[in-house]
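A.B. asks: need coordinates for the following:
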Amino acid sequence: MKYVCGMCGYIYDPAVGDADGGIAPGVEFADLPEDWVCPLCGADKSEFKPE
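C.D. replies: Model (predicted):
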């Protein structure tokens, strides 16, 4: 399931991960570290909602 940032619209796709943030493809949103933030705007995980 993809998650979208409520602040800027960035979409976290587990199939892609977040290479710049050190998150490998295949990591589900729920498994992201608690201190992970949106790579575009810096919003924390609580700002993301399922797409």
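A.B. asks: how about residue 28, nearest residue that isn't a chain neighbour?
C.D. replies: Sequence neighbours aside, residue 14 is the residue nearest to residue 28 in space, at 5.1 Å (criterion: CB to CB, 6 or more residues apart in numbering). Heads up, the C-betas are built off the backbone N, CA and C, glycines and all.
A.B. asks: could you check the pLDDT of the one you found?
C.D. replies: pLDDT recorded at residue 14 is 98.
A.B. asks: residues in contact with it?
C.D. replies: Each residue near residue 14 by CB atoms under 8 Å, 6 or more residues apart in numbering is listed here: 1-2, 25-29.
A.B. asks: geometric centre of the protein: which residue is closest?
C.D. replies: Centroid-nearest residue in the chain, with CA atoms, centre = their mean: residue 12, separated by 4.0 Å.
A.B. asks: for that residue, what are its contacts?
C.D. replies: By CB under 8 Å, 6+ apart, the residues touching residue 12 are 2-5, 18, 29, 32, 48.
A.B. asks: just the buried ones out of those, please.
C.D. replies: If you count burial by 16 or more other CB atoms under 10 Å, the buried members of the contacts of residue 12 come out as 3-5, 18, 29, 32, 48.
A.B. asks: which of those residues sits closest to residue 39?
C.D. replies: residue 18 (5.6 Å; CB to CB).
A.B. asks: how about low-confidence regions in this protein?
C.D. replies: Nowhere does the chain drop to pLDDT under 70.
A.B. asks: now do the residue lying closest to residue 20 once chain neighbours are set aside: how many residues are near it, please.
C.D. replies: Leaving out its chain neighbours, the residue that sits closest to residue 20 by CB to CB, 6+ apart is residue 39, at 5.4 Å. By the criterion of other CB atoms under 10 Å, residue 39 has 16 neighbours.
A.B. asks: same check on the one 5 residues further on?
C.D. replies: Summarising burial for residue 44: neighbours were counted as other CB under 10 Å, giving 13.
A.B. asks: can you name the residues that contact the residue lying closest to it once chain neighbours are set aside?
C.D. replies: Of all residues not flanking residue 44 in the chain, residue 37 sits nearest, at 5.5 Å (CB to CB, 6+ apart). Residue 37 sits next to 21, 43-45 when contact means CB under 8 Å, 6+ apart.
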